[in-house]
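> Below is the sequence, then the predicted model.
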Amino acid sequence: MLTLALIGLIGGLVTGISPCILPVLPVIFFSGGTQSSRTTESSTGGVALATKPASRARPYLVIAGLVVSFSLVTLFGSLLLTVLNLPQDVLRYAGIVVLVLIGIGLIVPRFEQLLEKPFTWIPQRNPDASRGGFTLGLALGAVYVPCAGPVLAAITVAGSTGRIGTETVVLTLTFAVGAAIPLLIFALAGRRVAERVQAFRKRQRGIRITAGVVMIALAIGLVFNLPQLLQRAIPDYTASLQDKVNNSEQVKRALNLGGLVNDQNKDLDKCSDGAPDLESCGTAPDLTGIQQWVNSQPLELKALRGKVVMVDFWAYSCINCQRSIPHVVAWDKAYRDAGLQVIGVHSPEYAFEKEPANVEAAARNFGITYPVALDNNLGTWTNYRNRYWPAHYLIDAQGTVRHIKFGEGDYQVTEKLIRQLLTDAKPGLQLPQATELQDDTPIVADITRETYLGSTKRVNFAGTETYTSGESSFQFPENQGTDSFALSGAWKLDTQSITPTGDAGRIKLNYRAKEVRMVLSGKGTVTVEHNGKTTTIEVDGTPNSYQLLATPTIQGGSLTATVSSGVQAFSFTFG
């Protein structure tokens with residue numbers, strides 16, 4: 001737990017000094033130094049403006065409100081809006097409206113009084129800027145979208161799927177605190193200026209108006225995504241630091257939030273990944289949270305005692321799964337009559353993979369006739385503490401997990417253990433010949449790793465621009481490294497995919513592989529330029545994996561893909 005808290009705090013600190021916080025800094029600065037004001041009737045019947053010294057508590061209240069709001073919105077916002085069937089931007093726009101109202105209140109004191117009238121029933125509730133600090137922080141927390149990274153992505157996934165446990169809460173709070181610490185320093189600086197600089201104290205009315213204008217400007221800028229222009233204009237000076245933190249083994253291990261331990265899965269650690277011999281790793285956890293079944297009525301593992309069961313976690317657009325599935329299909333055909341029951345647990349990596357029709361079509365295309373469980377909310381994935389696509393769990397006839405294999409490869413070992421479990425269950429059983437499919441698993445170190453294009457899962461981006469959700473313009477960098485991609489043209493970046501906003505957008509990819517594929521959807525074309533040759537791919541329909549090129553051996557190269565409007569691009573995969 002301490003490691004997780006430190007990772008959240010460090011990830012937040014790095015985010016808190018990155019360019020993506022720059023748009024909110026002016027508001028934070030003025031919020032710390034703005035003194036309270038109140039209107040009073042003068043002896044002549046006019047209106048007088050009285051000011052109080054800048055509140056010492058105000059900076060802390062603003063940041064506390066930001067931490068509370070950001071944490072609640074990140075953890076529960078998506079889940080709540082989904083339950084209420086409301087658009088995901090409702091909370092963001094509510095925060096923008098509050099910013100505008102607070103800004104107008106700073107400019108027009110009488111309007112501030114009108115806003116606070118509904119709260120006059122609260123004891124000692126007066127128009128006091130220090131009391132409004134927490135409300136301002138709540139609004140900022142709802143609109144503040146920090147730079148994406150694996151820490152924030154882990155929090156977001158946990159919140160959107162409802163898998164919110166103690167670890168997730170700790171990670172969220174420490175991340176929010178880490179990101180807020182630099183902002184608090186800036187707010188305190190604003191308060192110190194208000195206390196020490198005479199001009200700041202004497203011109204408090206003008207400072208309040210300036211603060212109000214800044215808040216309204218931030219709100220308008222957020223509506224039109226203008227802060228992204230500022231972020232693109234400034235180099236990401238924290239990029240190397242973020243890469244060191246995000247790619248560390250400690251972060252990767254600690255962010256395995258889906259693998260929460262419970263009474264059913266606590267013994268799975270007794271199995272080592274890909275062991276050459278059978279092990280004993282406790283009773284197999286239940287298949288939980290299944291939305292529906294393909295090729296079968298609902299199954300329960302307890303009802304399958306006496307059979308050898310293979311649970312295969314997969315996702316249909318995952319290139320690693322696509323190379324593994326032919327082996328699973330072959331085992332099902334070879335050993336089904338001998339007592340093997342294969343169950344494919346389809347745990348989606350993308351939102352489009354939750355569509356039952358898409359999974360059914362993929363199962364037909366792969367020749368899958370064994371039962372497939374749609375684990376759309378990752379209930380079974382979590383119950384097995386799983387971390388990989390694909391992953392194979394072998395369960396003996398007594399219901400005990402005897403072997404776990406994460407990822408591709410070692411098919412001969414897995415098949416050998418299947419055969420051993422079958423003969424253990426039925427001594428004297430005559431088995432067919434072992435399958436003889438070629439193992440096409442590439443050496444991971446020799447090929448480019450899977451390259452996601454969405455803003456929250458982006459890896460290998462070589463451009464100088466800030467890569468965040470929204471509409472942005474890009475251009476290819478002068479020098480692009482190996483195993484990287486860059487964009488050119490106008491693009492709309494979503495959390496899981498990117499789409500050209502003009503007639504077309506270009507993607508330059510530097511790779512190492514013998515096969516390059518791209519997950520695409522929509523309707524349009526992708527034109528691939530490679531080694532002086534041009535190939536056009538027609539894209540039509542739901543997300544699917546399209547082959548861009550194939551060579552006899554693993555090679556290094558570069559290609560440029562021109563994506564037409566109407567086409568969504570999700571990722572590059574390599575073989």
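Alright, I've got the coordinates.
> how about the strands in the stretch 251-400 of the chain?
Ranges of strands in the stretch 251-400 of the chain, per DSSP state E, counting those that start in this stretch, are 293-294, 308-314, 340-346, 372-374, 391-395.
> what sits up against stretch 212-229?
20, 22-24, 26-27, 30, 92, 96-97, 99-100, 102-107, 143, 466, 468, 470-472 (CB atoms under 8 Å, 6 or more residues apart in numbering). Heads up, the C-betas are built off the backbone N, CA and C, glycines and all.
> So which of those belong to helices?
26-27, 30, 92, 96-97, 99-100, 102-107, 143 (DSSP state H).
> of the residues you listed, closest to Asn320?
Arg92 (35.3 Å; CB to CB).
> Type out the PyMOL command that picks the buried ones from the contacts of stretch 212-229.
Of the contacts of stretch 212-229, the buried ones can be selected in PyMOL as follows, counting by 16 or more other CB atoms under 10 Å:
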select buried, resi 20+23+24+26+27+30+92+96+99+100+102+103+104+105+106+107+143+466+468+470+472
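> Redo the strands of the stretch 251-400 of the chain as CSV? Include mean pLDDT and mean neighbour count.
Listed next are the strands of the stretch 251-400 of the chain as CSV, based on pLDDT from 0 to 100; neighbours: other CB atoms under 10 Å:
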stretch, mean pLDDT, mean neighbour count
strand 293-294, 92, 18
strand 308-314, 93, 24
strand 340-346, 94, 24
strand 372-374, 94, 25
strand 391-395, 93, 24
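> who wins for proximity to Ser488 among those strands?
Using CB to CB, the strands of the stretch 251-400 of the chain put strand 308-314 closest to Ser488, at 34.2 Å.
> would CSV of the strands of the stretch 251-400 of the chain with distance to Gly12 be doable?
Compiled in CSV, these are given as follows (distance: least, CB to CB, whole Å):
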stretch, distance to Gly12
strand 293-294, 42
strand 308-314, 31
strand 340-346, 34
strand 372-374, 35
strand 391-395, 31
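> Where does the prediction get shaky in the stretch 401-550 of the chain?
439-445, 456-459 (pLDDT under 70).
> mind listing the helices in it by residue range?
For the stretch 401-550 of the chain, the helices defined by DSSP state H, counting those that start in this stretch cover 411-425.
> For the closest residue to Pro543 other than its chain neighbours, give its distance to Tyr316.
In space, and not counting its chain neighbours, Pro543 is closest to Ser521: 3.9 Å by CB to CB, 6 or more residues apart in numbering. Separation of Ser521 from Tyr316 (CB to CB, to the nearest Å) stands at 13 Å.
> swap in Ile368?
10 Å.
> what helices or strands is the helix of greatest length in the chain leaning on?
Ranked by number of residues, the top helix in the chain under DSSP H is helix 166-196. When contacts are defined as 3 or more CB pairs under 8 Å, 6 or more residues apart in numbering; DSSP states H and E, helix 166-196 sits against helix 2-16, helix 25-33, helix 58-72, helix 150-161, helix 198-202.
> Residues touching the third one, excluding its own?
So the one you mean is helix 58-72. Taking CB under 8 Å, 6+ apart as the rule, helix 58-72 contacts 28, 31-32, 34, 95, 129-131, 133-142, 144, 172-173, 176-177, 179-180, 183-184, 187-188, 190-191.
> What of the second one?
Contact partners of helix 25-33, identified using CB under 8 Å, 6+ apart, comprise 54, 58-59, 62, 99, 133, 136, 140, 183, 186-194, 200, 207, 210-211, 214-215, 218.
> Would you list the buried entries among these?
By 16+ other CB under 10 Å, the contacts of helix 25-33 give 54, 58-59, 62, 99, 133, 136, 140, 183, 186-188, 190-191, 193-194, 200, 207, 210-211, 214-215, 218 as buried.
> My assumption is that Gln555 lies in a strand; please confirm.
Yes - assessed by DSSP: H, G, I helix; E, B strand; the rest coil, Gln555 belongs to a strand.
> ok, now which ones touch it?
Gln555 neighbours (CB under 8 Å, 6+ apart): Arg512, Ala513, Lys514.
> now Gly306, nearest residue through space, not along the chain?
Ala397 (5.2 Å).
> Please tell me how far Asn376 sits from Lys354.
From Asn376 to Lys354 the distance is 5 Å (CB to CB).
> any shared contact partners between the two?
Pro348.
> neighbour count winner among those two?
Asn376 (20 against 15; other CB atoms under 10 Å).
> contacting residues for the more buried one?
Counted by CB under 8 Å, 6+ apart, Asn376 has contacts Gln291, Pro348, Lys354.
> residue contacts, the first one?
Taking CB under 8 Å, 6+ apart as the contact definition, Gln291 lies against Pro356, Leu374, Asp375, Asn376, Asn377.
> Test my guess that Trp293 contacts Ala363.
No - counting by CB atoms under 8 Å, Trp293 sits too far from Ala363 to count as a contact (11.1 Å).
> can you list residues touching both of the two?
Val372.
> gap between Ser455 and Ile447?
Taking CB to CB, one finds Ser455 at 24 Å from Ile447.
> Which residue is the nearest non-sequential neighbour of Asp483?
Closest to Asp483 by CB to CB, 6+ apart is Thr448, at 4.4 Å.
> quick one: low-confidence parts of the stretch 101-250 of the chain?
In the stretch 101-250 of the chain (pLDDT under 70), the answer is 112-132, 143-165, 167-168, 194-204, 225-250.
> out of the strands of the stretch 251-400 of the chain, nearest to Glu408?
Of those, nearest to Glu408 by CB to CB is strand 391-395, at 10.1 Å.
> and the closest one, what does it pack onto?
Against strand 391-395 (3+ CB pairs under 8 Å, 6+ apart) you get strand 308-314, strand 401-406, helix 411-425.
> Any idea which of those gets closest to Asp483?
strand 401-406 (22.4 Å).
> tell me the angle the closest one makes with strand 391-395.
170 degrees (axes from the mean of the first three to the mean of the last three CA atoms, to 10 degrees).
> which outside residues touch strand 401-406?
Looking at what lies outside strand 401-406 - CB under 8 Å, 6+ apart - the contacts are 267-268, 271-275, 278-284, 387-388, 391-396, 413-414, 417, 421.
> rerun that using 6 Å as the cut-off
271, 273-274, 278, 281, 284, 388, 391-396, 414, 417 (CB atoms under 6 Å, 6 or more residues apart in numbering).
> what does stretch 301-319 give?
284, 321, 328, 339-345, 347-349, 353, 362, 386, 389-395, 397, 399, 421-422, 425, 519, 545, 573.
> Pretty sure Ala211 sits against Leu106.
Yes - using CB atoms under 6 Å, Ala211 is in contact with Leu106, at 5.2 Å.
> what sits against the nearest residue to Tyr511 once chain neighbours are set aside?
In this structure, Tyr511 finds its nearest non-sequential neighbour in Thr448, 4.6 Å apart by CB to CB, 6+ apart. By CB under 6 Å, 6+ apart, the contact set of Thr448 is Asp483, Tyr511, Arg512, Ala513, Phe574.
> Show me these that map onto strands.
Tyr511, Arg512, Ala513, Phe574 (DSSP state E).
> Could you identify the most distant pair in those?
Arg512 and Phe574 (7.6 Å).
> out of those two, which sits in the busier spot?
Higher neighbour count among Arg512 and Phe574: Phe574, with 22 against 18, using other CB under 10 Å.
> how close does the closest residue to Leu171 other than its chain neighbours get to Leu75?
Distance criterion CB to CB, 6+ apart; nearest residue to Leu171, sequence neighbours excluded, is Gly8 at 4.3 Å. Counting by CB to CB, the separation of Gly8 from Leu75 is 13 Å.
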